[in-house]
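Enquirer: Return atomic coordinates for the entry below.
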Amino acid sequence: HGDADTPLAGSFTMNSFAVTGLSVNRYLFDPGDWTTARWIVPGGASGHPGSVHYDDQAPLHADVEYVPALWEFAEIASRAETTQRLEPGSQ
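Expert: Model prediction:
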């Protein structure tokens, strides 16, 4: 069961101890070299059904493969598909 810091945290019912929830994301981190980090989610990184990233990681997840977890700003910027500019609204 654990808490938010428990790998593969899950939840269960108290009467039968049947698992009712389970973390399915996988992360690989090397504190000695953060640029080698990898991650995967069973669907995709977007929660929007109309996005190409809604379920694009499913085949990789099934094959126990990963995608890079980008740490360096230059690499993040070079791989960005879109940008968004947020500005304060008028009062």
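
Enquirer: what comes into contact with stretch 51-63?
Expert: Residues from elsewhere that reach stretch 51-63 (CB atoms under 8 Å, 6 or more residues apart in numbering): 24, 26, 40-48, 66-67. Any C-beta I mention is one placed from the backbone N, CA and C, and that applies to glycine too.

Enquirer: Mind checking which of these are buried?
Expert: Buried by 16 or more other CB atoms under 10 Å: Ile40, Val41, Gly44, Tyr66, out of the contacts of stretch 51-63.

Enquirer: Kindly confirm my reading that Ala90 is in a helix.
Expert: Wrong residue type there; residue 90 is Ser, not Ala. No. Assessed with DSSP: H, G, I helix; E, B strand; the rest coil, Ser90 is coil; it does not lie in a helix.

Enquirer: which residue ranges form the strands in this structure?
Expert: 10-12, 19-22, 26-28, 38-40, 67-68 (DSSP state E).

Enquirer: Low-confidence ranges, the chain, go.
Expert: 1-7 (pLDDT under 70).

Enquirer: Enumerate the helices of it by residue range, in sequence order.
Expert: Per DSSP state H, the chain carries helices over the ranges 58-62, 73-79.

Enquirer: Who are the contact partners of the residue positioned nearest the centre of the chain?
Expert: Closest to where the C-alpha atoms of the chain average out (CA atoms, centre = their mean) is Val41, at 5.2 Å. By CB under 8 Å, 6+ apart, the contact list for Val41 reads Val24, Asn25, Gln57, His61.

Enquirer: State the pair within the residues you listed that is farthest apart.
Expert: Spatially, the most separated pair among the contacts of Val41 is Val24 and Gln57, at 10.9 Å (CB to CB).

Enquirer: Need the overlap of contacts for the two.
Expert: Val41, Pro42.

Enquirer: ok so, going back, ranking the strands of the chain by burial, who's on top?
Expert: strand 38-40 (a mean of 17; mean count of other CB atoms under 10 Å).

Enquirer: wait, which of the buried ones among the contacts of stretch 51-63 is closest to Asp30?
Expert: Taking CB to CB as the measure, Tyr66 is the one of the buried ones among the contacts of stretch 51-63 closest to Asp30, at 12.6 Å.
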